[in-house]
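Participant: Next input, structure requested:
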Amino acid sequence: MSDKEVFTENDWRRLLASLGEDPNRPGLHETPARVAKAWKHWTSGYEQDPVEILKAFEDGAEEYNELIVVRGIPVYSHCEHHLAPFFGKATVGYLPNGKIVGLSKLTRLVDVFAKRLQVQERLTVQIANTLMEVLEPKAVGVVIKCRHMCMESRGIRTPGEETITSAMLGELQPNLGLRTEFLALARD
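Facilitator: Sure, this is the predicted structure:
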């Protein structure tokens with residue numbers, strides 16, 4: 001990234017001034033540094049390789065042939081249209097085909113993609129496709145439920161609405177029984 005492309009604390013000071021604030025007043029004096037640090041964290045997913053997170057292992061997995069589901073995975077992201085936060089919970093599951101992954105890795109996978117500028121639909125598909133590609137399971141299911149601040153705090157102003165997206169890959173597409181089981185496990 002060239003120096004012209006780097007967004008600095010000075011740019012955050014200019015933003016505050018453009019809003020009509022005094023970036024030097026006591027309450028805002030350290031805000032540019034704090035905001036720069038926060039955005040580095042909120043977009044740290046660009047620096048992580050999701051494939052590296054999903055190192056699979058086969059020890060004991062060859063015997064297991066039922067769904068593995070982790071639900072209640074926190075999702076904190078920012079929409080690419082307004083840079084507004086959206087947040088909620090994800091459920092991620094798969095039907096192994098001889099390989100499993102540590103359960104915490106599913107949470108980390110969600111986090112890697114959530115810590116990028118996103119739309120919820122793409123976030124859902126990225127998680128599902130990566131699991132399918134790396135683990136080569138028989139099936140993958142992802143359901144994400146989020147509240148979007150761009151809808152709640154501006155525009156239509158609909159507080160409390162949830163957007164629900166899902167991706168069903170492999171045997172979850174044609175197998176209605178398996179699909180019903182996954183969705184039942186995904187329900188709160």
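
Participant: Contacts for the lowest-mean-pLDDT helix or strand in the chain next, please.
Facilitator: Within the chain, confidence by mean pLDDT, DSSP states H and E is lowest for helix 149-152 among all helices and strands, at a mean of 88. Residues outside helix 149-152 that contact it (C-beta atoms under 8 Å, 6 or more residues apart in numbering): 79, 81-82, 84-86, 157-161. C-betas here are computed from N, CA, C, even on glycine.

Participant: Highest neighbour count among the residues you listed?
Facilitator: Counting neighbours by other C-beta atoms under 10 Å, Phe86 leads the contacts of helix 149-152 with 24 neighbours.

Participant: Am I right that that residue sits in a helix?
Facilitator: No - per DSSP: H, G, I helix; E, B strand; the rest coil, Phe86 lies outside any helix segment and is strand.

Participant: Ser153 is in contact with that one, correct?
Facilitator: No - using C-beta atoms under 8 Å as the test, Phe86 is too far from Ser153 to be in contact (11.3 Å).

Participant: ok but Leu109 is inside a helix, no?
Facilitator: Yes - according to three-state DSSP, Leu109 belongs to a helix.

Participant: for the longest helix seen in the chain, which positions count as buried?
Facilitator: If you go by DSSP state H, the chain has its longest helix at helix 120-135. For helix 120-135, the neighbour count (16 or more other C-beta atoms under 10 Å) marks 120, 123-128, 130-132, 134-135 as buried.

Participant: Can you lay out the residues you listed as TSV showing distance to Thr91 and pLDDT?
Facilitator: Below are these laid out as TSV (distance: C-beta to C-beta, whole Å; pLDDT from 0 to 100):
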residue	distance to Thr91	pLDDT
Gln120	14	98
Leu123	13	98
Thr124	11	98
Val125	15	98
Gln126	15	98
Ile127	10	98
Ala128	11	98
Thr130	16	97
Leu131	12	97
Met132	16	97
Val134	19	95
Leu135	17	94
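
Participant: returning to that earlier point: of all the contacts of helix 149-152, which two lie farthest apart?
Facilitator: His81 and Gly160 (20.3 Å; C-beta to C-beta).

Participant: List the contacts of the nearest residue to Thr107 once chain neighbours are set aside.
Facilitator: For Thr107, ignoring the flanking residues on the chain, the nearest one in space by C-beta to C-beta, 6 or more residues apart in numbering is Ile73 at 5.0 Å. Residues in contact with Ile73, defined by C-beta under 8 Å, 6+ apart, are 89-92, 106-107, 110.

Participant: Brilliant, that's me finished.
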